[in-house]
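Q: Have a look; sequence and predicted model below, questions after that.
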Amino acid sequence: MRKLTFSIGGVHPDDAKLSKDCTIEALPLPQTVYVSVAQHLGAPAVPTVAVGDKVKVGQVIAEPGGFISAFVHSPVSGTVKSIAPRADLAGKPVAHIEIAVEGDEWAEGIDLSDTLVTEIPTDKAATLEKIKQCGIVGLGGATFPTHVKLNPAPGSKAECLIINGAECEPYLTSDYRIMLERTKEIIVGAAIMQQVLGGCRCVIGIEENKPEAIKAMREALAQLPYDNIKVQPLKKRYPQGGEKQLIDAVMKRQVGSGGLPISVGAVVQNAATSLAVYEAVQKNKPLITNVLTVTGDCLPVEKQHNYLFRIGVPLSFIAEYAGGVPEGAAKIISGGPMMGRAISNMEATTVKGSSSILYLSEAATKRGPESNCIRCGRCADACPMGLEPFLLRRLTLAGDLEGLEANAMQDCIECGCCLYSCPAGIPLLDLLRQSKNQVLGAIRARAAAAKAAAEAAKKE
């Protein structure tokens, strides 16, 4: 089968999948966990417990704070000690629920057996409600509430469900390991979402540098009773796992500026999300666990790991358990080296979407001296969104928000291809992230003003 890819831009960084052969290990529990109420896209969840309450594993401890929000569940059994602001990965204060760990007692009704359940529920509304109640969010990076994504607005129809198994970022291997170790569960989760979406076709996209995962998925599919699901090899090309890039590769359709995937008939879910959907619908297990890679170029092979973790565990606890921060680490990153963010606070805790603790040496992170733009156009050639980063940089330096919006600054996916390809060492990604936030802020302010004006007009 030919390998597909997206139509414009992209780069080819080294895989560096150093931890790909490390089987998933269950991380032990610390004495205390700190569970963020803001670990999904949208409004923070609202605590439903109080200091002194006893909780069990899987019990709801915070409920959605709006339409785009998600339930949060206790990852441990124990006593709620506090509900207070605590610094997150970026050092920002966010409300966390502190729980002292006392054993490991799970809430009633959660199936902890390894028995595979393959029968797909037919009640769409009940399935969506179960996914919502279990707090499932997208685990590919955006953490968008899954029940919302699986319920397109009236007039929209899903033609293709794409399961993202690309894991195109260097170093990261958590998705790869679950595709090998939880293969059938991922497929059942995909079949559940396929049924919820009305029986559209389903494509599981996996990059060619993961032949073992491609083989495992195909063999598992042959043993399961599902139709219209296939595995599609993808070319190794970053950012192949980007939502719009996957749609371009698989469906040969382009999502327009400001548009959503459903506008071209697509719904994209990560492989880890598919596993979480399986566990929610078939096992009644809420999203309190995920797999995180501990890796980096300054770690020896024996200290590379893929951990099954529970949310709320301090990163410092994981680092210590894995052998400590290596002496050669010049930077610690949450996520991959291209789109991840530097960790400013190792006392921050794991959230649903945590994917890695990445240790990089000075040689891997040091940028060369910045020089003047030579207008070579390499950044534009590399941009998978068809933007012109050199132009956006000039508009940013000029403070031209109107010009930035007119040139689609808001469509930047912050993939870092421009920075990676720039021979002048210009920190394009840093600059464009700032200007994108400013443009999105202006767009939101304009929308809020228009809404307020419309409401005022109704009252007159």
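A: Nice, I can see it.
Q: Can you spell out which helices and strands pack onto the longest helix anywhere in the chain?
A: Longest helix in the chain by number of residues, with DSSP state H as the criterion: helix 428-459. When contacts are defined as 3 or more C-beta pairs under 8 Å, 6 or more residues apart in numbering; DSSP states H and E, helix 428-459 sits against helix 389-398, helix 401-406, helix 417-421. (Each C-beta comes from the backbone N, C-alpha and C, glycine too.)
Q: Does anything pack onto the first one? Which helices or strands?
A: Pointing back at helix 389-398 there. helix 378-382, helix 401-406, helix 428-459.
Q: Can you tell me which of those is packed in deepest?
A: Burial of the helices and strands packed on helix 389-398 is given as mean neighbour count (mean count of other C-beta atoms under 10 Å); helix 378-382 ranks first at a mean of 20.
Q: name the helices or strands packed onto it?
A: helix 389-398, helix 417-421.
Q: Any chance of those helices in JSON lines with mean pLDDT, distance to residue 179 and mean neighbour count as columns?
A: Formatted as JSON lines, the helices and strands packed on helix 378-382 follow (pLDDT from 0 to 100; distance: least, C-beta to C-beta, whole Å; neighbours: other C-beta atoms under 10 Å):
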{"stretch": "helix 389-398", "mean pLDDT": "96", "distance to residue 179": "33", "mean neighbour count": "19"}
{"stretch": "helix 417-421", "mean pLDDT": "95", "distance to residue 179": "25", "mean neighbour count": "23"}
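Q: I'd like to know which of the helices and strands packed on helix 389-398 lies nearest to residue 297.
A: With C-beta to C-beta, the closest approach to residue 297 among the helices and strands packed on helix 389-398 belongs to helix 428-459: 20.1 Å.
Q: what is the orientation angle of the closest one with helix 389-398?
A: 70 degrees (axes from the mean of the first three to the mean of the last three C-alpha atoms, to 10 degrees).
Q: which residues does the residue nearest the centre of the chain contact?
A: Of all residues in the chain, the one closest to the mean position by C-alpha atoms, centre = their mean is residue 141, 1.9 Å from it. Shown in contact with residue 141 (C-beta atoms under 8 Å, 6 or more residues apart in numbering): 335, 339, 353, 355.
Q: go on, residue 209?
A: 15, 17, 236.
Q: quick one: contacts for the first one?
A: The contact partners of residue 15, taken as C-beta under 8 Å, 6+ apart, are 170, 209, 236.
Q: Next step: those residues restricted to helices.
A: Among those, no member lies in helices (by DSSP H).
Q: Would you check that my belief about residue 414 contacting residue 429 is correct?
A: Yes. Using C-beta atoms under 8 Å, residue 414 makes contact with residue 429 at a distance of 6.6 Å.
Q: Residue 113: which of the helices and strands packed on helix 389-398 is closest?
A: If you check each of the helices and strands packed on helix 389-398 against residue 113 by C-beta to C-beta, helix 428-459 wins as the nearest, at 44.7 Å.
Q: And the average pLDDT for the longest helix of the chain is what?
A: Helix 428-459 shows an average pLDDT of 90 in the prediction.
Q: now it: how far from the chain's centre is it?
A: Distance, stretch centre to chain centre, for helix 428-459: 24 Å (C-alpha atoms, centre = their mean, to the nearest Å).
Q: Would you check that residue 344 makes contact with residue 91?
A: Yes. Residue 344 is within contact range of residue 91, at 4.7 Å (criterion: C-beta under 8 Å).
Q: the more surrounded of the two?
A: residue 344 (14 against 10; other C-beta atoms under 10 Å).
Q: helix or strand for residue 61, which one?
A: strand 60-63 (DSSP states H and E).
Q: Which residues does the helix or strand that that strand is followed by contact?
A: Per DSSP H and E, strand 60-63 leads on to strand 72-73 as the next helix or strand towards the C-terminus. The contact list for strand 72-73, computed with C-beta under 8 Å, 6+ apart, reads 35-37, 39, 45, 58-62, 97, 134-135, 286-288.
Q: C-alpha coordinates for the strand holding residue 61, CSV please?
A: C-alpha atoms of strand 60-63 as CSV (Å, rounded to 0.1, in the frame of the first residue of the first chain):
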residue,chain,number,x,y,z
VAL,A,60,-15.8,12.6,40.3
ILE,A,61,-14.0,15.5,42.1
ALA,A,62,-14.8,18.3,39.6
GLU,A,63,-17.6,18.9,37.1
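Q: Which strands or helices does that strand pack on?
A: Secondary elements touching strand 60-63 (3+ C-beta pairs under 8 Å, 6+ apart): strand 46-47, strand 72-73, strand 93-101.
Q: Neighbouring strands - and their directions - for the second one?
A: Strands adjacent to strand 72-73 in the sheet, as given by DSSP bridges, are strand 60-63 (antiparallel).
Q: Can you give the distance from the partner strand to the centre of its chain?
A: Taking mean C-alpha positions (C-alpha atoms, centre = their mean), strand 60-63 and its chain are 21 Å apart.
Q: ditto for stretch 215-232
A: 24 Å.
Q: cool, and stretch 260-278?
A: 11 Å.
Q: start the count at 753, not 1, going forward
A: Right, with 753 as the first residue, what we last looked at is stretch 1012-1030.
Q: List the buried residues of it.
A: Across stretch 1012-1030, burial judged by 16 or more other C-beta atoms under 10 Å covers 1012-1014, 1016-1030.
Q: just stretch 950-967 next, same as before
A: By neighbour count with 16+ other C-beta under 10 Å, stretch 950-967 contains the buried residues 952, 953, 954, 955, 956, 957, 958, 959, 961, 962, 965, 966.
Q: Helices - which of those residues land there?
A: Using DSSP H, the buried residues of stretch 950-967 in helices are 965, 966.
Q: Name the nearest of the buried residues of stretch 950-967 relative to residue 1186.
A: Set against residue 1186, the nearest of these by C-beta to C-beta is residue 959 (30.8 Å).
Q: Report pLDDT for that closest one.
A: pLDDT, residue 959: 97.
Q: Isn't it up against residue 919?
A: Yes. Counting by C-beta under 8 Å, residue 959 touches residue 919, with 7.1 Å between them.
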